[in-house]
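**Q** here are the coordinates; sequence isn't available:
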């Protein structure tokens, strides 16, 4: 599947939402390999990266700050410092909730290429509450590392 097909599918999945689209982890990984303007933006807090791991080469801009998970008042400025207006922004969080919020926020700011990654890094918990097995970046078997 080429990048245009991936982006078209992502757009269809996000109908009724403000942001550009919802990508599967596999689609996001393919875009990172093939699209020259694709950037992975991890919006998790610093402790989450240290606890769960991260995708090498990602840009880290927390949407909410630990402790308390308060909004990052510098989010817009931090993102603008590392991106260009025509970049394809692939947003990743723990399960897909905060990355959706961030993508919607960016759409409100005029970003037309802000995509959420479905299932996030860890996905929802299984019947034992363990994450990283049912959905998300880890469960998809995509490359990541632990600090």
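**A** Arrived safely, thanks for sending. Note that the coordinates shown come from a computational prediction; the quantities given were computed from them, not determined experimentally.
**Q** burial count for the residue nearest to residue 40 when sequence neighbours are not counted?
**A** Leaving aside its sequence neighbours, residue 40 sits nearest to residue 58 (CB to CB, 6 or more residues apart in numbering; 4.3 Å). The way it works is simple: take the backbone N, C-alpha and C, and place the C-beta from them, glycine included. Using other CB atoms under 10 Å, residue 58 is surrounded by 19 other residues.
**Q** who's in contact with residue 58?
**A** 40-42, 92 (CB atoms under 8 Å, 6 or more residues apart in numbering).
**Q** Could you check how far it is from residue 4?
**A** From residue 58 across to residue 4, the span is 24 Å (CB to CB, to the nearest Å).
**Q** Dihedrals phi and psi, residue 42?
**A** phi -90, psi 120 (degrees, to the nearest 10).
**Q** Tell me how far the nearest residue to it once chain neighbours are set aside lies from residue 44.
**A** Closest residue in space to residue 42, ignoring its immediate chain neighbours: residue 58 at 4.5 Å, by CB to CB, 6+ apart. In this view, residue 58 and residue 44 are 10 Å apart by CB to CB.
**Q** Mind listing the shared neighbours of these two?
**A** residue 92.
**Q** just how off-centre is stretch 51-71 within its chain?
**A** Relative to the centre of its chain, stretch 51-71 is centred 11 Å away, using CA atoms, centre = their mean, to the nearest Å.
**Q** List the buried residues of it.
**A** 52-55, 58-64 (16 or more other CB atoms under 10 Å).
**Q** Columns pLDDT and secondary structure on top of those residues, output as JSON lines?
**A** Below are the buried residues of stretch 51-71 laid out as JSON lines (pLDDT from 0 to 100; DSSP: H, G, I helix; E, B strand; the rest coil):
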{"residue": "52", "pLDDT": "93", "secondary structure": "helix"}
{"residue": "53", "pLDDT": "95", "secondary structure": "coil"}
{"residue": "54", "pLDDT": "96", "secondary structure": "strand"}
{"residue": "55", "pLDDT": "97", "secondary structure": "coil"}
{"residue": "58", "pLDDT": "96", "secondary structure": "coil"}
{"residue": "59", "pLDDT": "97", "secondary structure": "strand"}
{"residue": "60", "pLDDT": "97", "secondary structure": "strand"}
{"residue": "61", "pLDDT": "98", "secondary structure": "coil"}
{"residue": "62", "pLDDT": "98", "secondary structure": "coil"}
{"residue": "63", "pLDDT": "98", "secondary structure": "coil"}
{"residue": "64", "pLDDT": "97", "secondary structure": "strand"}
